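Q: below are the sequence and a predicted model; questions follow.
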Amino acid sequence: MHDDAGVARVPRNISSFGRSFPALPSVLLFFIALSVLMAQTSFPRVEMSPPKALRQHLEALAQALRARNDSALPAAALRQLTVILAEEHPERLTAQVQALLDPYCLAAVHINPQSRVKVSRGPWPAALIAKKSVTVLVKIHNEGGVTQGPAVRDLWHERERHWLELDLRAPTGKHRLTGQPLEYHLLRLTAHATGKREAVLVFDVGQGTQDLGFRAELPVLFTIVERSE
């Protein structure tokens with residue numbers, strides 16, 4: 001995680017990763033936690049977002065997460081989000097929510113002023129349990145003020161016989177962006193296979209919005225284990 005200055009720090013209780021994925025071997029959990037810490041040091045940060053609009057968005061996000069039973073966010077993180085929203089420090093809100101929520105992001109989507117989209121890998125470990133859905137976050141830095149909702153697809157969907165289901169939505173349940181610089185959308189993942197499998201996630205906000213050089217494509221290697229009854 002990060003402190004208020006954006007410096008990476010080790011989570012106080014790294015065993016919380018184990019509680020999120022109890023079916024995974026302890027050695028694998030160690031390397032997952034290590035990869036999370038490494039990813040956080042390079043995850044893109046948004047410097048400032050209008051506090052009032054960001055607060056409204058985060059309140060909707062918190063409500064949506066409370067209503068789900070498949071969220072990757074532990075209860076402690078959701079409680080901390082509630083605490084942050086109750087504080088009267090609007091100048092700190094942008095930094096605080098990113099430090100809290102970024103570890104649960106699979107990807108960060110950047111929309112530049114020309115509405116071109118590129119994507120980068122987030123800190124959340126790509127570890128799934130077969131036939132069990134999990135909802136993670138996608139961070140969106142919207143410099144273009146775009147309001148059309150982002151879409152995601154797996155580039156290898158046909159070739160891999162539909163092993164991964166993707167559903168990306170705003171906290172309100174709609175496929176829309178607020179137009180504000182920072183927001184988080186909910187990405188529901190469901191795997192129908194086990195083992196190590198790669199997906200190439202492609203993000204866009206409409207036809208012709210992908211960035212040059214295929215930077216809207218994100219290869220992700222997932223580790224999927226059997227569901228324990």
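A: Sure, I can see it.
Q: sec struct for residue 92, please.
A: helix (DSSP: H, G, I helix; E, B strand; the rest coil).
Q: what is the neighbour count of it?
A: Residue 92: 14 surrounding residues under other CB atoms under 10 Å. Every residue, glycine included, has its C-beta placed from N, CA and C.
Q: check the one 10 residues further on too.
A: The local packing of residue 102 (other CB under 10 Å) involves 22 other residues.
Q: and for the one 3 residues further on?
A: The burial count assigned to residue 105 is 26, neighbours taken as other CB under 10 Å.
Q: list the contacts for it?
A: Shown in contact with residue 105 (CB atoms under 8 Å, 6 or more residues apart in numbering): 43, 122, 123, 124, 136, 137, 138, 139, 184.
Q: same check, this time on residue 137
A: With contact set as CB under 8 Å, 6+ apart, residue 137 has these partners: 72, 73, 101, 104, 105, 106, 122, 124, 184, 185, 186, 187.
Q: the first one reaches residue 133, doesn't it?
A: Meaning residue 72. No: the criterion here is CB atoms under 8 Å, and residue 72 misses it with residue 133 at 10.5 Å.
Q: neighbour count winner among those two?
A: Applying other CB under 10 Å to residue 72 and residue 133 shows that residue 72 carries more neighbours, namely 22 against 15.
Q: pLDDT check: weakest of the contacts of residue 105?
A: Lowest pLDDT among these: residue 43, with 81.
Q: that one contacts residue 107, correct?
A: No: in this structure, residue 43 is not within contact of residue 107 by CB under 8 Å, at 10.0 Å.
Q: of the two, who's got more company?
A: The neighbour comparison of residue 43 against residue 107 (other CB under 10 Å) goes to residue 107, with 23 against 20.
Q: that one against residue 138, yeah?
A: Yes: with contacts counted by CB under 8 Å, residue 107 reaches residue 138, the gap being 5.2 Å.
Q: shared neighbours, those two?
A: 122, 187.
Q: shaky segments in this protein?
A: 1-42, 157-161, 209-213, 229 (pLDDT under 70).
Q: which parts of it are strands?
A: According to DSSP state E, the chain carries its strands in the segments 105-111, 117-121, 127-129, 134-142, 151-154, 164-169, 182-191, 195-204, 217-225.
Q: which one of the ones you listed lies closest to residue 54?
A: Judged by CB to CB, the one of the strands of the chain that comes nearest to residue 54 is strand 182-191, at 6.1 Å.
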